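> Provided below for reference: sequence and predicted model.
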There are 2 protein chains.
Amino acid sequence: MTSEAPTRAYRRLSVEERRSQLLGAALSLFAQRAPEEVSLDDVAEAAGVSRPLVYRYFPGGKQQLYEAALRSAAEELEQCFAEPPEGPLTRRLGRALDRYLAFVDQHNAGFSALLQGGSVVETSRTTAIVDGVRRAAAERILSHLDVEKPGRRLRMTVRTWITAVEAASLIWLDEDKQPPVDELRDWLVDQFMACLVAGAGRDPQTAAVVRGALALESADGPVGALVRRVAPVIGDVGHLL
Amino acid sequence: MTSEAPTRAYRRLSVEERRSQLLGAALSLFAQRAPEEVSLDDVAEAAGVSRPLVYRYFPGGKQQLYEAALRSAAEELEQCFAEPPEGPLTRRLGRALDRYLAFVDQHNAGFSALLQGGSVVETSRTTAIVDGVRRAAAERILSHLDVEKPGRRLRMTVRTWITAVEAASLIWLDEDKQPPVDELRDWLVDQFMACLVAGAGRDPQTAAVVRGALALESADGPVGALVRRVAPVIGDVGHLL
């Protein structure tokens, strides 16, 4: 079907496998430099395949490669938030964040380049892909809150937290991955619970979610630790009651 | 100095005033359609001036106009967070948010287009301008927290909240400006205080900030109201202690 004479190694991979291999190579390159500085030739070299092969998979050139890599990263990021609906909410969030932050850690600058935009290959289409990840992540988190039809306030809380997770990840990369990833995860879980609790004051649905979530938490879990650490700081709020 | 024969109305404005007028017209247009769909001719028409005049101010064309409008919006947004260091923290935040949300309200889609990116005229330079607004806003908020040298955790808390404010504003525009702007402001203030309190559990500097901030709050202020509303929801945390 092709004029190229494939080596035996080429034949071993299916079309899908080959595509994954090339996207993996592209993502590794995006982790080292800006998308617009990654050429199809670079991808060929990184993947150890011929240039025509890469051009065959991405006839649209650099832009097509970037979008395909972004889509592949988006799918992977969405999967990070897939978590069985079992156990305390903070444990579920913690596990989702472990996967998400492992992705951030692995892709380094590539994560920033892919998600932060500011690349000359950014278009409204790539922005839509990134926004799709945020929405999908929010939907998955909402599904863990055990509400039939999440209202505006609950959705706003979850969506702003997703943005905060993204911003914190970018800051974390910017600051040479400090604090340690486990601390960042715990901090993000604490922030989510705090935002949820604050939201409970103004929204009966959020209040119901908080009551349900707290009932599943235990003294030796993250919320127990948070309550014990925060109580002495805000102990003296007599003048506010 | 120019071959154009200016009318009397033209002469009345200084270079700076003229520039402001043209940027104002551009910002109004960006509020109605995407930056790449706004031409210099459109700006001339909206400002009621001749096309050559607009081209004289923005010889770099559409991209220069967009960047200048972005810079002008960035300066205005940064100013929103300028607030005298007096009174309770929640009042200061509330006033800053009132100005910020008024800007969002006024510029509508232009705010999204300018700050969200995803425009074909987006470049690493425009992203740097937007990021500059976020950093400047964070610095201003930090200056209200009364700490000599804000540490990593406090900075992270403030920077992620700034992102949350931006995300909430975009969602608010997307949802036809619901809830009412005052409610959104109060919600954002509550969220900030909640994030600060949660952060106090893990960071002595944040704990000191929380203690100092709470001391200035009163029972009839936002924190007093928050505490009274949230207390019944989390009343039963005996199993977490």
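Sure, I can see it.

> Work out for me the element residue A:16 sits within.
Taking DSSP states H and E as the criterion, residue A:16 maps to helix A:15-30.

> how about that helix: buried residues?
A:18, A:21, A:22, A:23, A:25, A:26, A:27, A:28, A:29, A:30 (16 or more other Cβ atoms under 10 Å in any protein chain shown). No exception for glycine: its C-beta is placed from N, CA and C like everyone else's.

> ok, now stretch A:85-97?
A:88, A:89, A:90, A:91, A:92, A:93, A:94, A:95, A:96, A:97.

> now do stretch A:139-155
A:140, A:141, A:142, A:144, A:145, A:150, A:153, A:154, A:155.

> measure the closest residue to the fifth one other than its chain neighbours to residue B:168 for me?
To tie it back to what came earlier, the one meant is residue A:145. Sequence neighbours aside, residue A:209 is the residue nearest to residue A:145 in space, at 4.8 Å (criterion: Cβ to Cβ, 6 or more residues apart in numbering or on different chains). Residue A:209 sits 19 Å away from residue B:168, going by Cβ to Cβ, to the nearest Å.

> Residue A:168 now?
The value you get for residue A:168 to residue B:168, if Cβ to Cβ is used, is 16 Å.

> which strands and helices sit next to the helix holding residue A:16?
For helix A:15-30, the packing partners by 3 or more Cβ pairs under 8 Å, 6 or more residues apart in numbering or on different chains; DSSP states H and E come out as helix A:40-47, helix A:51-57, helix A:62-80, helix A:109-116.

> Alpha carbons of the shortest one, in PDB - could you do that?
This file holds the C-alpha atoms of helix A:51-57, laid out as PDB (Å, rounded to 0.1, in the frame of the first residue of the first chain):
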ATOM      1  CA  ARG A  51      10.400  10.700   8.500                       C
ATOM      2  CA  PRO A  52       7.900   9.600   5.800                       C
ATOM      3  CA  LEU A  53       6.300   7.300   8.300                       C
ATOM      4  CA  VAL A  54       5.600  10.200  10.700                       C
ATOM      5  CA  TYR A  55       4.300  12.300   7.800                       C
ATOM      6  CA  ARG A  56       2.000   9.500   6.800                       C
ATOM      7  CA  TYR A  57       0.400   9.500  10.200                       C
END
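
> How far does that helix sit from its chain's centre?
Computed by Cα atoms, centre = their mean, to the nearest Å, the separation of helix A:51-57 from the middle of its chain amounts to 30 Å.

> can you give me the mean pLDDT across it?
Helix A:51-57 comes out with an average pLDDT of 94.

> all helices in chain A, in order from the N-terminus.
Along chain A, the stretches classed as helices by DSSP state H are A:8-12, A:15-30, A:40-47, A:51-57, A:62-80, A:89-107, A:109-116, A:124-143, A:152-174, A:181-200, A:204-216, A:222-230.

> Where among these is average confidence lowest?
helix A:8-12 (a mean of 57).

> re earlier: pick out whichever of the buried residues of helix A:15-30 sits closest to residue A:77.
residue A:27 (11.7 Å; Cβ to Cβ).

> Correct me if wrong: that closest one contacts residue A:110.
Yes: under the criterion of Cβ atoms under 8 Å, residue A:27 is in contact with residue A:110, at a separation of 5.6 Å.

> Give me the common contacts of these two.
residue A:73 (Cβ atoms under 8 Å, 6 or more residues apart in numbering or on different chains).

> what's near enough to touch the residue lying closest to residue A:68 once chain neighbours are set aside?
Using Cβ to Cβ, 6+ apart and skipping residues adjacent in sequence, the residue nearest residue A:68 is residue A:23, 5.9 Å away. By Cβ under 8 Å, 6+ apart, the contact set of residue A:23 is A:68, A:69, A:72.

> would you turn those residues into a markdown table with neighbour count?
Below are the contacts of residue A:23 laid out as a markdown table (neighbours: other Cβ atoms under 10 Å in any protein chain shown):
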| residue | neighbour count |
| --- | --- |
| A:68 | 17 |
| A:69 | 25 |
| A:72 | 18 |
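
> Need the residues you listed in a markdown table (columns: distance to residue A:60).
Output for those, formatted as a markdown table (distance: Cβ to Cβ, whole Å):
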| residue | distance to residue A:60 |
| --- | --- |
| A:68 | 9 |
| A:69 | 13 |
| A:72 | 15 |
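
> Between the residues you listed, which sits nearest chain B?
Nearest to chain B among the contacts of residue A:23: residue A:69, at 17.6 Å, using Cβ to the nearest Cβ.

> Do I have it right that the closest one meets residue A:31?
No: under the criterion of Cβ under 8 Å, residue A:69 is not in contact with residue A:31, lying 10.7 Å apart.

> quick one: residue A:129 and residue A:71 touch, right?
Yes: using Cβ under 8 Å, residue A:129 is in contact with residue A:71, at 5.9 Å.

> show me the contacts for the closest residue to residue A:65 other than its chain neighbours.
Excluding its sequence neighbours, the residue lying closest to residue A:65 (Cβ to Cβ, 6+ apart) is residue A:58, at 4.5 Å. Listed by Cβ under 8 Å, 6+ apart, the contact partners of residue A:58 are A:22, A:40, A:64, A:65, A:68.
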